[in-house]
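> coords below, sequence missing:
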């Protein structure tokens with residue numbers, strides 16, 4: 001909090017968060033039938049899911065907790081998804097769990113509009129609205145203090161990092177990194193101070209008062225007019241020994257290495273040189289991939305709950321009910337570092353064995369295909385094949401006239417030539 005030293009920092013916390021968050025991308029949330037999957041894709045697209053999931057995943061990794069509000073947009077007549085940051089002590093969202101710590105009984109949102117501070121409490125059947133007063137007191141709002149909510153479910157989904165069964169709060173990925181980050185920042189301050197004292201060295205004087213107008217390159221003369229030989233012999237001037245920067249650099253490198261170790265983050269500079277094999281680089285990512293895998297399981301469940309709740313909201317307020325789906329499935333992009341050429345080569349090697357559709361699934365990650373795109377490509381291939389067959393048949397029948405008699409001027413038509 002010292003403004004004089006705020007500029008002296010080497011922030012690795014952002015890198016820890018972004019390195020993990022960059023591997024977290026939901027490609028789709030699918031239902032158990034094509035119509036439900038199509039509805040989900042349209043609803044997510046309307047809510048700009050690409051940006052929404054980026055904000056939610058980053059906040060979950062950074063803060064440990066964040067929330068998604070599932071509401072109804074009366075003007076657009078559509079389900080509305082909104083990111084709600086977690087409670088930070090002054091504003092934000094928090095969840096109140098039951099005694100089993102498994103189910104949310106209510107959700108509380110506190111926010112500011114100008115100088116006014118508001119609070120909403122969300123229940124399965126209503127929303128209670130309050131205004132903050134002096135001293136933190138709550139008074140019911142005069143404009144619609146209670147709003148009915150006919151969905152029968154709290155419109156809030158809790159996203160937790162490192163979710164635990166008996167804990168209602170998640171754990172930030174920065175919990176272990178912040179103490180080390182503080183140590184690194186303090187090392188940076190010491191390094192800057194040492195560098196400054198080295199550039200502008202400390203002079204020392206013994207037995208006399210030096211002049212106060214010293215400048216680089218200026219000489220100091222003393223003792224020329226002195227008659228006291230003892231006093232003259234006691235005089236001395238020089239420079240104090242300069243500090244060494246190398247120990248601070250080594251200390252900083254050690255702390256940075258510890259940040260990468262305790263957070264299981266492959267930090268730049270510690271990944272090896274260009275001579276490292278792809279397999280060696282993958283081994284260095286093992287810890288990160290483990291974190292990502294656990295995150296995908298827990299947060300994937302939250303996205304599935306969000307789609308289930310969105311379908312209920314659509315059914316409660318919309319004029320058209322969404323397609324029924326008994327189960328939703330969250331699909332994630334592969335988090336591993338991928339060699340696209342290797343993926344394609346491996347897929348081509350088994351193409352004749354697994355068939356066209358499975359081949360497209362194997363290369364889908366390279367080209368960004370989803371299941372709908374794969375089915376579209378297969379349909380186009382079938383249509384193209386049927387057109388080619390019709391052309392061949394037309395060319396073959398063109399050889400015959402007058403009840404099947406081949407004319408003298410007709411040349412034999414090669415099937416491959418006709419297809420071409």
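Yep, that arrived. Keep in mind the model is a prediction, meaning the values are calculated, not measured.
> Contacts only, for residue 316.
Neighbour list for residue 316: 72, 150-151 [criterion: Cβ atoms under 8 Å, 6 or more residues apart in numbering]. No exception for glycine: its C-beta is placed from N, CA and C like everyone else's.
> Dihedrals phi and psi, it?
phi -80, psi -40 (degrees, to the nearest 10).
> In the sheet, which residues pair with the closest residue to residue 169 other than its chain neighbours? Tell me.
Nearest residue to residue 169, sequence neighbours excluded (Cβ to Cβ, 6 or more residues apart in numbering): residue 65, at 5.7 Å. For residue 65, the beta-bridge partners are residue 160 (DSSP bridges).
> How about the contacts made by residue 65?
86, 158-161, 169-170.
> still on that earlier bit, quick check, nearest of the contacts of residue 316 to residue 95?
Distance to residue 95, by Cβ to Cβ, is smallest for residue 151 among the contacts of residue 316, at 16.7 Å.
> The closest one contacts residue 312, doesn't it?
Yes - with contact defined as Cβ atoms under 8 Å, residue 151 counts as touching residue 312 (5.6 Å).
> what sits in contact with each of the two?
Among the neighbours of residue 151, none is also in contact with residue 312 (Cβ under 8 Å, 6+ apart).
> Considering the contacts of residue 65, which possesses the most neighbours?
The residue in those with the most neighbours, by other Cβ atoms under 10 Å, is residue 159 (27 neighbours).
> what about that residue, distance to residue 60?
Distance from residue 159 to residue 60, counting by Cβ to Cβ, to the nearest Å: 5 Å.
> Now the common contact residues for the two.
66, 170, 299.
> Check residue 164 and give its pLDDT.
The model reports residue 164 with a pLDDT of 85.
> how about the strands in the stretch 201-350 of the chain?
Using DSSP state E, counting those that start in this stretch, the strands found in the stretch 201-350 of the chain span residues 203-206, 236-239, 329-332.
> just these: most buried one?
strand 329-332 (a mean of 18; mean count of other Cβ atoms under 10 Å).
> What segments of this structure are helices?
For the chain, helices defined by DSSP state H occupy the ranges 13-21, 34-46, 49-63, 177-199, 229-234, 246-262, 278-284, 286-317, 340-349, 351-354, 356-367, 371-397, 415-419.
> Please report the number of neighbouring residues for the spatially closest residue to residue 36 that is not a sequence neighbour.
Excluding the flanking residues, the one nearest residue 36 by Cβ to Cβ, 6+ apart is residue 325, at 3.6 Å. By other Cβ under 10 Å, the residues close to residue 325 number 19.
> swap in the one 3 residues further on?
As a burial measure, the neighbour count of residue 328 was computed by other Cβ under 10 Å and equals 22.
> any idea how far the closest residue to residue 98 other than its chain neighbours is from residue 125?
In this structure, residue 98 finds its nearest non-sequential neighbour in residue 105, 5.1 Å apart by Cβ to Cβ, 6+ apart. Distance of residue 105 to residue 125, given as Cβ to Cβ: 12 Å.
> do residue 187 as well
From residue 187 to residue 125 the distance is 56 Å (Cβ to Cβ).
> which of these two has more neighbours?
residue 187 (22 against 11).
> separation between the more buried one and residue 15?
Distance, residue 187 to residue 15, by Cβ to Cβ: 17 Å.
> How about residue 112?
Taken as Cβ to Cβ, the span from residue 112 to residue 15 is 31 Å.
> ok, the two, which is more surrounded?
residue 15 (17 against 11).
> So the more buried one sits against residue 266, correct?
No - using Cβ under 8 Å as the test, residue 15 is too far from residue 266 to be in contact (10.3 Å).
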